[in-house]
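Engineer: no FASTA, just this:
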């Protein structure tokens with residue numbers, strides 16, 4: 001049975017299975033889930049643990065040997081198999097299927113995997129893993145879901161906070177779940193159980209945001225002007241190279257312009273995005289930006305990008321960062 005990692009604590013209270021698969025997008029939640037399973041197993045008498053790390057060059061015969069070997073020091077043991085890249089290959093896939101068909105007695109098996117795409121989830125080997133016991137999915141926590149996540153984590157340590165306080169913490173960590181986790185833990189050390197005072201939390205929480213220049217494009221496509229301003233300020237403060245920031249913004253402007261040119265010529269949006277090599281999340285976001293921008297606006301933005309390029313090279317006067325702000329805002333008109 002597959003379920004969300006947030007449900008795992010309650011499930012472990014009722015029953016400990018003999019086989020677990022943990023996989024997902026969020027490393028923190030995957031690590032926490034595996035730790036909880038190991039702790040529950042230890043409390044239930046699983047005293048011996050064998051760790052197998054199936055990275056490049058791993059001999060899958062070790063898994064078979066681990067299954068066949070007897071526990072040396074305890075009656076119950078844990079086989080902790082970790083597949084960091086999520087790609088066991090043909091030999092590994094066969095070994096996993098064979099293992100699942102012949103599970104060892106008095107053994108709790110824990111298989112840890114990273115995020116898996118749809119193709120991997122449909123493989124025979126993953127199907128065999130899933131049928132063998134409990135499957136824990138460590139889903140990514142989106143920026144919109146982060147306030148609720150922080151509220152739940154505070155409740156676990158007998159603390160609560162106003163919506164304003166939670167929103168402040170969420171805004172400071174910029175969607176970084178590990179940073180949010182660290183801040184929540186810090187609040188447990190700094191404040192007693194109960195309602196957290198906003199002003200004191202504000203003074204205690206560090207600005208742990210880390211801005212990724214490659215996220216600028218998605219922010220522009222979403223039309224999130226406030227977040228774009230924060231990102232640009234953060235990148236400037238962190239000493240990001242202006243040419244790289246300009247490239248990230250210009251690439252988005254060129255992609256929108258290519259799609260706009262094709263759709264203006266009668267090409268369907270889906271095909272236009274394929275022809276313009278717009279993939280992944282950008283496929284979902286670009287149509288929204290497309291509705292707000294016409295070709296004339298896009299050409300002006302590209303001309304502005306060329307002007308900023310000359311500023312960066314010292315061939316034109318002007319403030320580069322102010323101009324980058326204007327460029328991004330021009331691609332997010334308020335309509």
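Structural biologist: Received it, and whenever you're ready, just let me know what you need. This is a predicted model, so every value here is computed, not measured.
Engineer: only C-alpha atoms from now on, for both contacts and neighbour counts.
Structural biologist: Noted.
Engineer: on the three-state scheme, residue 172 is what?
Structural biologist: helix (DSSP: H, G, I helix; E, B strand; the rest coil).
Engineer: got phi/psi on residue 36?
Structural biologist: Backbone torsions of residue 36, given as degrees, to the nearest 10, read phi -60, psi -40.
Engineer: contact partners for it?
Structural biologist: residue 9 (Cα atoms under 8 Å, 6 or more residues apart in numbering).
Engineer: where's it relative to residue 15, distance?
Structural biologist: Counting by Cα to Cα, to the nearest Å, the separation of residue 36 from residue 15 is 13 Å.
Engineer: can you check residue 149 too?
Structural biologist: Separation of residue 149 from residue 15 (Cα to Cα) stands at 25 Å.
Engineer: who has more neighbours, these two?
Structural biologist: Neighbours per residue (other Cα atoms under 10 Å) separate residue 149 from residue 15, with residue 149 holding more: 20 against 9.
Engineer: care to break the chain down by domain?
Structural biologist: With automatic domain parsing as the criterion, the domains of the chain are listed as 2-138, 146-204, 213-330.
Engineer: just the strands from the protein, written as ranges.
Structural biologist: The residue ranges that make up the strands of the chain, judged by DSSP state E, are 2-4, 19-24, 48-53, 77-82, 107-112, 134-138, 159-160, 194-195.
Engineer: so for the third one, what gets flagged as buried?
Structural biologist: Judged by neighbour count using 16 or more other Cα atoms under 10 Å, the buried positions of strand 48-53 are 48-49, 52.
Engineer: nearest to residue 227, of those residues?
Structural biologist: residue 52 (42.5 Å; Cα to Cα).
Engineer: mind listing the residues bridging to that closest one?
Structural biologist: Beta-bridge partners recorded for residue 52 (DSSP bridges): residue 81.
Engineer: state the distance from the nearest residue in space to residue 287 that is not next to it in sequence to residue 258.
Structural biologist: Distances taken as Cα to Cα, 6 or more residues apart in numbering place residue 269 nearest to residue 287, at 7.6 Å, with adjacent residues excluded. Taking Cα to Cα as the measure, residue 269 and residue 258 are separated by 11 Å.
Engineer: can you check residue 44 too?
Structural biologist: Taken as Cα to Cα, the spacing of residue 44 relative to residue 258 amounts to 61 Å.
Engineer: which one of the two has more residues nearby?
Structural biologist: Between residue 44 and residue 258, residue 258 has the larger neighbour count (other Cα under 10 Å), namely 20 against 11.
Engineer: so that one makes contact with residue 278?
Structural biologist: No - applying Cα atoms under 8 Å, one finds residue 258 not in contact with residue 278, separated by 9.9 Å.
Engineer: what's around residue 326, how many residues?
Structural biologist: Residue neighbour count, defined by other Cα under 10 Å, stands at 14 for residue 326.
Engineer: as a check, name the ranges of all helices in the stretch 101-250 of the chain.
Structural biologist: When assigned using DSSP state H, counting those that start in this stretch, the helices of the stretch 101-250 of the chain occupy the ranges 118-121, 124-131, 146-156, 163-173, 177-190, 198-204, 216-222, 225-237, 242-264.
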